[in-house]
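> Here's a sequence, model it:
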Amino acid sequence: MRKNMINFVCIKWGSKYSPDYVNNLYRMVQDNYHKDFTFTCYTDDSTGLNCDAVDIPDVNPLHPKYWFGKENYCWDRSKFIVFNSHNFLGYEGKWCYFDLDIIIQNDITDLDELALKPRIVHVKWDNWNKRLHERLFIDIRGTLYNSSVMCWNKDQCEHIFWDAIQEEDMIFRTFYKGTDNYHFWRQRDFWNNIPFEWAYSYNRGMTHPTDLETHKYREEPKFCLFNVDSNPSKKQIKIDELEDETLLRLWHGNNHSKSARY
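Residues are numbered from 1 along each chain as shown. Below is the predicted model:
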């Protein structure tokens, strides 16, 4: 059994993302995390993947086969599966989940210490004081969290997995816009912040309202996120629409790749 290391996980289901998304993410972790780690992709099709891959656990109602094309609410509910990874994969230690549409820009080895507490991205590119008092934001249970990057230790997040199963009808319909909304309203007292300076939104910038310039590469942060914003002010650029040469080099791996560390 692998101990005392961080276990990276992601999910690929269906045809929205090609295997390149997983392989690029895996390579970026190899290049930027400098301790022992595991990297596993939950998937329905491991063809073309360069990393360890396991079937998405057949958990009703979280596996996509139980809701995809049938229900329109809480579209990313399969992400709840990763919080029981210590049981599904049998690994000890810390955990880090990544969405597939992120770019890792710099050294992330500090995740080894950061993941001792459960952490999620608290967005700084939105105005917390203003948004929290907006009637529409409250009515639709909007979110100021971004779950593109989450980390935790051992079984700290297992209660979220069981909450999603035991309270599925209430959770999926209440937080119909996605799991980010669930984490913000139902688990806000649980999640600590991933440092603000670690992440930025390519579509929204670093901070609000002082940094309004979007669609710009920023050198210092560790993560560039390409989430589709629910409150867009400009065109939303997806990762496969990038024209920024620096980010494209990081994404496609024109720099040398290191061998896997297991």
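
> tell me the pLDDT at residue 228?
For residue 228, the pLDDT comes out at 62.

> what's the single longest helix in this structure?
Ranked by number of residues, the top helix in the chain under DSSP state H is helix 19-32.

> Mind exporting the C-alpha coordinates of that helix to CSV?
C-alpha atoms of helix 19-32 as CSV (Å, rounded to 0.1, in the frame of the first residue of the first chain):
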residue,chain,number,x,y,z
PRO,A,19,-7.3,11.6,-23.8
ASP,A,20,-4.9,14.4,-24.4
TYR,A,21,-6.5,16.4,-21.6
VAL,A,22,-5.7,13.6,-19.1
ASN,A,23,-2.2,13.0,-20.5
ASN,A,24,-1.4,16.7,-20.5
LEU,A,25,-2.6,17.0,-16.9
TYR,A,26,-0.5,14.0,-15.9
ARG,A,27,2.6,15.4,-17.6
MET,A,28,2.1,18.8,-15.9
VAL,A,29,1.9,17.1,-12.5
GLN,A,30,5.1,15.1,-13.3
ASP,A,31,6.9,18.4,-14.3
ASN,A,32,5.7,20.4,-11.3
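
> in that helix, what's buried?
Across helix 19-32, burial judged by 16 or more other C-beta atoms under 10 Å covers 19, 21-32. Every C-beta, even on glycine, is put in place using the N, C-alpha and C of the backbone.

> Do you have the helices of this structure handy? List them.
Taking DSSP H as the criterion, the chain carries its helices at 19-32, 85-88, 111-114, 128-131, 135-139, 158-166, 168-174, 179-186, 245-252.

> hmm, who's touching the third one?
Contact with helix 111-114 is made by 6, 33, 35, 94, 96, 151, 194-195, as judged by C-beta atoms under 8 Å, 6 or more residues apart in numbering.

> Can you pull up the most central residue in the chain?
When the chain is reduced to its mean C-alpha position, the closest residue under C-alpha atoms, centre = their mean turns out to be residue 148, at 2.3 Å.

> Quick one: residues contacting it.
So residue 148 contacts 98-99, 101-102, 121, 199, 223, 225, 227 (C-beta under 8 Å, 6+ apart).

> Between these, which sits nearest residue 44?
For the contacts of residue 148, the residue nearest residue 44 by C-beta to C-beta is residue 99; the value is 17.1 Å.

> now the closest one: how far from residue 60?
To residue 60, residue 99 is 23 Å away according to C-beta to C-beta, to the nearest Å.

> So for these two, which sits in the more crowded spot?
Taking other C-beta atoms under 10 Å, residue 99 and residue 60 do not tie; residue 99 has more neighbours (21 against 10).

> pLDDT-wise, which helix or strand of this structure ranks last?
Lowest mean confidence among the helices and strands of the chain (mean pLDDT, DSSP states H and E): helix 128-131, at a mean of 88.

> report the angle between the axes of the lengthiest strand in the chain and helix 158-166?
When the chain is parsed with DSSP state E, its longest strand is strand 145-153. Per axes from the mean of the first three to the mean of the last three C-alpha atoms, to 10 degrees, the angle that strand 145-153 makes with helix 158-166 is 120 degrees.

> what about residue 122, distance to residue 223?
Residue 122 is 13 Å from residue 223, by C-beta to C-beta.

> swap that for residue 35, sorry
Residue 35 is 18 Å from residue 223, by C-beta to C-beta.

> ok, now how distant is the residue nearest to residue 47 when sequence neighbours are not counted from residue 184?
Using C-beta to C-beta, 6 or more residues apart in numbering and skipping residues adjacent in sequence, the residue nearest residue 47 is residue 19, 6.8 Å away. Noted for residue 19: a distance of 32 Å to residue 184, by C-beta to C-beta.

> same deal with residue 116?
Following C-beta to C-beta, the distance that separates residue 116 from residue 184 is 22 Å.

> which of these two has more neighbours?
Neighbour totals were compared for residue 116 and residue 184, and residue 184 leads with 21 against 15 (other C-beta under 10 Å).

> who touches that one in this structure?
Contact analysis of residue 184 by C-beta under 8 Å, 6+ apart lists 141-145.
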